[in-house]
Every structure is written in C-alpha cells, then in structure tokens.
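*Asks:* below is the sequence, then the predicted model.
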Amino acid sequence: MEKNVVTVYEDSTVHDAIKKMADNNISVLVVVTNDLRVLGVVSAKELVHLKTNPDEISSVITDYMVCNVTCFNEEDDIADICECLRYSCFSSVPILSNGRLSGMITRLNILQSIRILS
C-alpha cells in the first residue's frame with residue numbers, strides 16, 4: 001500500500017491538479033477535504049481534453065472529479081481488493097482508516113507483493 005498518497009483539496013484548481021500530476025509523475029489524484037475525507041478522484045483522462053479548452057484550467061477540480069469512488073478500509077480482505085481491481089476499469093483504490101484517507105493500493109502494489117511471495 002502506498003502511504004504517501006498525492007492529493008488535492010476540494011478547492012484546488014485544475015491547474016493545481018495538473019501541476020501535482022506532472023511533478024509527481026502520476027495520473028490519478030484523490031480529492032479530499034481538509035480532514036482527509038475522500039470526495040472523489042481525478043485522473044488525466046478527465047483533464048486531457050483541456051488541451052483544446054485552456055480557459056477551463058482555472059476551474060475548481062471538483063467540476064472534473066469522479067464521485068462515488070470505490071474505497072476500502074484498512075481492515076478489508078486483500079482478496080476483495082484484488083477482485084475489485086481485477087474487474088474494474090480503475091487501477092487503484094483509496095484505503096480508509098476511520099473514514100479518512102490512509103493510503104492507496106494499486107494494481108502494481110498487488111503485483112509487487114506477488115513477486116515478493118514467489
């Protein structure tokens with residue numbers, strides 16, 4: 001599990017999100033409140049069209065995020081997380097502790113753990 005999840009706050013701009021993605025070489029950000037409650041995620045997929053609509057770069061990121069994000073709790077069975085990542089279109093899921101973001105599990109994390117076991 002990735003503990004240092006790169007996030008943006010709900011009042012961040014699209015420009016802020018793009019900068020964070022580029023600076024951290026990632027394509028997904030978790031959108032959170034000040035107390036780390038997950039509001040949604042935003043990926044490069046949702047933002048790539050801005051190349052043809054540059055006026056929107058100052059918009060608030062919540063206008064572009066995907067809501068109703070599938071999250072898991074730290075106590076959840078890893079088999080359930082693997083099943084979710086296997087059959088979903090997304091490649092990572094936020095992990096919560098007491099309703100707040102505590103990490104992220106990616107498909108790559110799962111593959112790395114399989115490699116260590118073998």
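*Replies:* Yep, it's here.

*Asks:* buried ones in the lowest-mean-pLDDT helix or strand in the chain?
*Replies:* None of the helices or strands of the chain scores lower by mean pLDDT, DSSP states H and E than helix 107-117, at a mean of 85. For helix 107-117, a neighbour-count test (16 or more other CB atoms under 10 Å) marks N109 as buried. C-beta: built from backbone N, CA, C; applies to glycine.

*Asks:* quick one: the helices in the protein?
*Replies:* In the chain, the helices defined using DSSP state H lie at 14-24, 44-47, 78-87, 107-117.

*Asks:* could you dump these to JSON lines with distance to N68?
*Replies:* Below are these laid out as JSON lines (distance: least, CB to CB, whole Å):
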{"stretch": "helix 14-24", "distance to N68": "19"}
{"stretch": "helix 44-47", "distance to N68": "14"}
{"stretch": "helix 78-87", "distance to N68": "14"}
{"stretch": "helix 107-117", "distance to N68": "20"}
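
*Asks:* wait, which of those is closest to K3?
*Replies:* Nearest of the helices of the chain to K3, taken as CB to CB: helix 107-117 at 11.0 Å.

*Asks:* and the angle from that closest one to helix 78-87?
*Replies:* Here the directions of helix 107-117 and helix 78-87 differ by 130 degrees (axes from the mean of the first three to the mean of the last three CA atoms, to 10 degrees).
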